[in-house]
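A.B. asks: test case, fold it:
(2 chains)
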Amino acid sequence: MFKYLFLIFSSALLLSSCAKDTPLEVTPDDYNNAVDKVTEVIIHDIFSPPVASRIYAYSNIAAYEVLAQNHPEYSSLAGKLNGLGETPKAENPAVNHDVAALIAQMEMAKSLIFSEDRITEVRDSLYKTWEDQNADELEASKAYGLQVADHIKNWMDGDMYKQTRTMPKFSVNADNPSRWQPTPPAYMDGIEPHWMKIRTFVLDSASQFKPVPPPAFSMDEGSEFHKQLMEVYDVRNEMTEKGDDSEEAAIAKFWDCNPYVSTHKGHLMFATKKITPGGHWIGIVKIATKKNNADLMETVYVYTKTSIALFDGFISCWDEKYRSNLIRPETLINQYIDDSWTPVLQTPPFPEYSSGHSVVSGAAAEVLTEIYGDDFQFDDDTETAYGLPVRSFNSFRAASSEAALSRLYGGIHYRAAIDEGLKQGRQVGQYIVSNLHMKNDGEALSHSGN
Amino acid sequence: MLTAVEDTGIEFSNDLTNTTQLNILNYLYFYNGAGTAIADFNNDGLEDIYFTGNQVSDKLYLNQGSFKFKDISAEAGITNNNWNTGVTAVDINADGLLDIYICTVSGHLDLKGHNKLYINQGIKDGIPQFKEESEKYGLDYHGLSTQAAFFDYDLDGDLDVYVLNHSVHPNSNYGRANIRRVSDSLTGDRLYKNDNGYFTDVTSSAGILNSKIGYGLGVSVSDLNNDNYPDLYIANDFFENDYIYLNNRDGSFTEVNTTKNLLGHTSHFSMGSAIADINNDRNPDILSLDMLPQNLEVLKASGTEYTYPIYQNQLRNGYDYQFMQNALQLNLGGERFSEIAFQSGIAATEWSWSPLAADFDNDGFKDLYIANGILGATNDMDFVSFISNESIQKRLGKTMSEAELEFIKQLPQTHVPNYAYKNNGDGTFRDVTQSWTANSPSFSNGASYADLDNDGDLDIVVNNINAKAFILENKTTNPGIQVRFKGEKNNTYGIGAKLTAFSGDTVQFFENYTTTGFMSAVPPSVLIGLGNASQIDSLLVTWPSGKTQALKNIKTNLLVEEKNAQENPSPKPFEKPEISWVQDSLTLNFTHKDGASIEFSRDPLVPYAGTNTGPQIASTDLNQDGLDDMIILGAKAQKTVLFFQNKDGSFTEAFLPQADDDAINEDIAIAIFDADGNGTPDIAIASGGNEFTQGKALTPRLYLNENGNFTKIQGAFRNLNLNASTIKSVDLDGDGNLDLSITADLVPHEFGATPKQYLLKNDGSGNFTDITSSYAPEFQNIGNVKDIVWSDLDQNGYPDAIVAGQWMPISIFTNDGKRLKPVNTESLQNTNGLWNSLKVADFDKDGDLDIVAGNWGLNTRLHASVQEPLNLYRFDFDANGKIDPITTYFYKGTETVLATKDELVKQLPYLNKKFLSYHAFAKASITDLFSAEKLKKAEKKQVFTLASTYFENTGDFSFKASQLPFMAQITSVKNIVAHDFNEDGLQDLLLLGNDSEISTQLGRLDASHGVFLLNKGTTFEYEDAPNIDITGAVRSSTFFNLNEDPLLILGRNNDTPIFIRKATVHE
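C.D. replies: Below is the predicted model of the structure:
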């Protein structure tokens, strides 16, 4: 009875202002812009690749959970992602799920990054526009979007992120010749040594797709390890001969995806910042969904599933990194071969095996291939904002293979970390493909490409 | 007092412009500036000034008196357009006319030229005439030269030269330090020997390092070890060590900082250096400058030292301890140095180039003038992390060179006033920048001093980038006397002569070397401040030849001439040192192996680790054969070892039963006492080390002794788990059985948490019962106890407890045989310290017991008082189930967090939400960061004093606290020996300590070489013990008789024990 009265009351309100109200609309590009904003803030705030993957994942999941309530062909992730409970449904019929989804995404992003004002500025300008168009719809949608965001935050709170902040650092012990050491020029601590303790989304455990161990450490000539070390050294030298315009150099730079490259010139220090490996694949999602003229639901679905693969990929990879704790080629080459050798790319601050970019590229490519097929040509302009050219690929898997190989050309990984990393990532991706069903009629989407 | 004179006629300005060919991005020392040399080039009695220029030509200004100068560069034949750096005046050809040596940067990019030697051809119409003749002399070195120092290293009567060079080797990768042994042709220093006027490169035969990691920015000459042969200090930038070369007196040098760790630590990014006797003890002290900001906001927004674990890695690569701070290496005589810059108050002077160490106020103590500033080079972390990237992004698409030049314009600058410090005469300096100088900002590099107006005080000349050089007139009113030199042979200006001036009860010491500070040189003369005295009572001159002369009652300027000096004066009378103790050569087969601490990996926010507290060494006759035996406690995974003394003075090693099983325990404390009343010494050992959180490794052990055979009593303390600091036997209740106190200093892995203390009652047969909660409930939770002494303070027949620890006051408990009760004594109320050690004795011989307590010391950035304490807040600030220990200190009146932003936000990421910018973080107050509400909820511990202190018992549990002398505060005192070292019937002190396991933001506590304090009845006075050098981290001491001879054994963490003893009669 009370509810009924309330409805009448609301309807009366609606009627009174309905003259100027127009239904609110959220386009796929609105969502793309919101995700781009997250990428921009991730770069600004300098989040490491694993942490960045967590920001993308939870913010996209929140949006997806809102939209899925309104799209019967999609199902909620509740019960499908570890620990995620039933998402509250919108009770107020005035809720616009598209608007609520974007609000939920922004709210999650805001809570996960540091520079909140960079998100709230965009959000508030959207609020302003929406408020002018339809204040009631906005109010209802906002309430619901924030409600779902809260639900996601409560779930997220149990993922061990907080606890891992105060766990011990990686202990540097240079007496063990195979053990990872901090690398020039910033000599940073090993990043996220406890990331394997973060709760996975779909994987049973961080170690579910534990790769074979790297070749046994040995500086004996002829040993597999030594051969692979020398390959890194030789490839770099060949590239120096070929010059900056070589295909290898182009590949290395295109896939650098290092969020913080530190430069020390005498007493002058500065840093150049780029997107993370995960951020690059988020960029590919945008390219693919746009190419497929995806609607908002489809767009958010692809973002979400890809970011789930990236997230579990990083956990799987980091599990191995701090198991094998393998030393980087730069350290060994400086120590044993050439003290002034530098890799083409800056060595990122964590153990070598397996290659993070290989794992997460492999995982993301599997999910995208499932959705859009193995025959999906795209022009990747994700890196143009950083002064890099466009590169074209005939499939997601081809892109992921090149991303993996870039680590060898970059001088930051041995061959095994790339090959095994890609394998590991594809296993993660395929596991998600087989176990995480988000669409009721099968995951593949017809695509208009090629 | 140091007033800038404006219209002097000096227009020189070292103007710099970045070009696409040469700029800060392709020449890392583009902003290092240039130097100045002051000397009388035309012998008219007025000091002239030479400036070097980088992109501008050098200038020579003739002093026309009354601070009027005339540019005579062209007339004098000074024409050059190279990138010039250092300059020094020298009479290279011994014709009585000063020549000029210029260092030049060449061979990098388009920079051309070579070092230049302008020979003074004579004076024409008052103008000296110069001709460049470097090639003729073999001194036309081309490379990356910084500065030269002329000195007679082989004492053959002519001047040789050390040419200091820098490097453009990329500094982004520190690599392996053994590269320093590989010579490099372009960079790397050079030593040239003067062979009858031609200079021969003797670099390698003389043992001089000249590698591409020699980033040489400072060179100073001095006879550091007082053997009359000049030694060298080389200040290297970046990761490379600074070098000390001791003269081998055979034409070669030995670098002893790197090879023998002569210095505990040095400045890290060393720039200019100076050597002068700062404390008037006639030993020259070394000052080298760095870039530590003094401004708190700048400091907190700047890049900092690597964290402890990463720092260890740099050490493993072969580099020594270096920290971003100015370093003042106090010369203790001979070859022992104590770095005291923090305690002296001069550690942080921003981006600093030139140290001028001279007596500017003529009060008899050498003051400091520090030239600093940099046009554009930065470790501002907001620039590094945020601003630079946006700037680079904006310029994408432009040509590289355009983009670079625009980027360079964005670099932050350090545009700050040069500092002036007055020497207080007590080892400390006072910042007098405001009162002595105009306090105006500049980019200053080279600087020099001389009496420009012949009024008996030192004026200052400073070479600035993009601004006119400073000419500062000294207006002090104290008188000074100038001494000039006339040497024999080819050293006409007596370079290397030493002066010792006595007036009243002060003594001052000088050496006549010209190269000083940064790229600069002073004239070959010395100005001696008289203070309140009207004359120099006596002046002792020692020439490099070894000849000496003594002059009396000097009231006016004078010229001292070597020809009047005496050959081989009477050898120094043998002075028996006040403390005649010496090092003993005894060695034991034991090296304590504690390893590097992992506590900073576990908990990066802690100011110091609790892991490195051993080894304790105990001594007694264990096997009852009449000879003292020793027992040394092992670190984690190291067995505790017994050393049984044999009649011939050798030792037989033995282990306690089940030693292999118990090796895992880090044994920390030992009590040797008769536990079972059978008349033989039994052993109780307690463990700690902050490694294990619980279990057997933290359970004390008891060994009963039956005729020299030890039996381990299983489960003797089975219920006990504690991280022990001490274990002491004491008969608490007067029943004749020795009970035990076991103290704990920490709860493992929980910095600052309060552990439980224990009292255990002995039933007489060696069975122990925990009686703490009934006998001493207040004692149980007293704090982080580091030391306890049981002594009958109130003379009621029962031993009372004096307790010291960290974050707690010196505490006293009285014992009446039934209860141990805290004494609430007002005089000890605010004595919260970081106490480590106690010694209780009747020091003033008034019949009661006094206390000496060893604290953290005053030689770090930390200071504490009741008004401005160190605070420790323990709270789970981010609600993640783990307590975050936040340590704060007061800096110039502001409470600030000790941990760096980078470390703090890794633990508490939420801080980045509000304070992502380093400057925002730097400006935030403690309550901004942690909220007043949470800070209130936090467990709070405080420290009100860091000084090691003497507490004189004034009766009735009242104590009069007095801070021990300056030298007692240079390090943390971990152990105290009370002994009558000078045999005057009073108990003297030997303070022992040092600590490497502190946060790298606090540096390293390494200044002590063993500090002896003589008991003067009511006070203690520092006394040097010239024949003792106790290096390293001493943790324990015990007397021990080797046959009949008493030795003092000192246990050192991560090192071997060492031994000292009283000198025998013939020593």
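A.B. asks: now stretch B:81-101, how far from the centre of its chain.
C.D. replies: 34 Å (C-alpha atoms, centre = their mean, to the nearest Å).
A.B. asks: now do the same end-to-end measure for that stretch.
C.D. replies: 15 Å (C-alpha to C-alpha, to the nearest Å).
A.B. asks: which secondary structure element is home to B:N871?
C.D. replies: B:N871 is part of strand B:870-875 when elements are defined by DSSP states H and E.
A.B. asks: the helix or strand harbouring B:Y703 pairs with which strands, and in what direction?
C.D. replies: Using DSSP H and E, B:Y703 sits in strand B:701-706. Partners of strand B:701-706 in the sheet, by DSSP bridges, are strand B:682-687 (antiparallel), strand B:709-712 (antiparallel).
A.B. asks: looking at the ones you listed, which one is packed in the most?
C.D. replies: Most buried of the strands paired with strand B:701-706, by mean neighbour count (mean count of other C-beta atoms under 10 Å in any protein chain shown): strand B:682-687, with a mean of 26. Yep, even glycine has a C-beta here, placed from its N, CA and C like the rest.
A.B. asks: can you show me the helices along the stretch 1-150 of chain A?
C.D. replies: According to DSSP state H, counting those that start in this stretch, the stretch 1-150 of chain A carries its helices in the segments A:2-17, A:28-45, A:49-68, A:97-112, A:116-156.
A.B. asks: as CSV, those with distance to chain B would be great.
C.D. replies: As requested, these are exported to CSV (distance: least, C-beta to the nearest C-beta, whole Å):
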stretch, distance to chain B
helix A:2-17, 36
helix A:28-45, 6
helix A:49-68, 9
helix A:97-112, 9
helix A:116-156, 6
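A.B. asks: in chain A, which residue sits nearest chain B?
C.D. replies: Nearest residue of chain A to chain B, counting by C-beta to the nearest C-beta: A:G266, 2.6 Å away.
A.B. asks: so what does that residue have for phi and psi?
C.D. replies: phi 60, psi -130 (degrees, to the nearest 10).
A.B. asks: OK, contacts around it?
C.D. replies: B:I24, B:L28, B:Y29, B:N171, B:A377 (C-beta atoms under 8 Å, 6 or more residues apart in numbering or on different chains).
A.B. asks: let's see it at 7 Å
C.D. replies: Residues near A:G266 by C-beta atoms under 7 Å, 6 or more residues apart in numbering or on different chains: B:L28, B:Y29, B:N171, B:A377.
A.B. asks: quick one, grab the pLDDT at it.
C.D. replies: On the pLDDT scale, A:G266 is placed at 88.
A.B. asks: so how far is B:T437 from it?
C.D. replies: 29 Å (C-beta to C-beta, to the nearest Å).
A.B. asks: ok, B:N466 next?
C.D. replies: For B:N466 relative to B:T437 (C-beta to C-beta), the value is 19 Å.
A.B. asks: which pLDDT value belongs to A:H413?
C.D. replies: On pLDDT, A:H413 comes in at 98.
A.B. asks: and it, what does it touch?
C.D. replies: A:E352, A:S355, A:R407.
A.B. asks: what is the neighbour count of the first one?
C.D. replies: As a burial measure, A:E352 scores 27 neighbours (other C-beta atoms under 10 Å in any protein chain shown).
A.B. asks: B:S385 too?
C.D. replies: 23.
A.B. asks: chain neighbours aside, what residue packs nearest to it?
C.D. replies: A:A271 (5.9 Å; C-beta to C-beta, 6 or more residues apart in numbering or on different chains).
A.B. asks: in terms of secondary structure, what does whichever strand or helix holds that neighbour contact?
C.D. replies: Following DSSP H and E, one finds A:A271 within strand A:268-272. When contacts are defined as 3 or more C-beta pairs under 7 Å, 6 or more residues apart in numbering or on different chains; DSSP states H and E, strand A:268-272 packs onto strand A:261-265, helix B:388-394.
A.B. asks: least reliable of those going by mean pLDDT?
C.D. replies: The weakest mean pLDDT among these belongs to helix B:388-394, with a mean of 84.
A.B. asks: have a look at B:N466 and B:T437 and say which one is more surrounded.
C.D. replies: B:T437 (20 against 14).
A.B. asks: report the contact partners of the residue of chain B found nearest chain A.
C.D. replies: Among all residues of chain B, B:L28 sits closest to chain A, at 2.6 Å; criterion: C-beta to the nearest C-beta. Applying C-beta under 7 Å, 6+ apart, we find B:L28 in contact with A:K265, A:G266, B:V168.
A.B. asks: want to try TSV for those, with distance to B:E335 as columns?
C.D. replies: Output for the contacts of B:L28, formatted as TSV (distance: C-beta to C-beta, whole Å):
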residue	distance to B:E335
A:K265	38
A:G266	33
B:V168	34
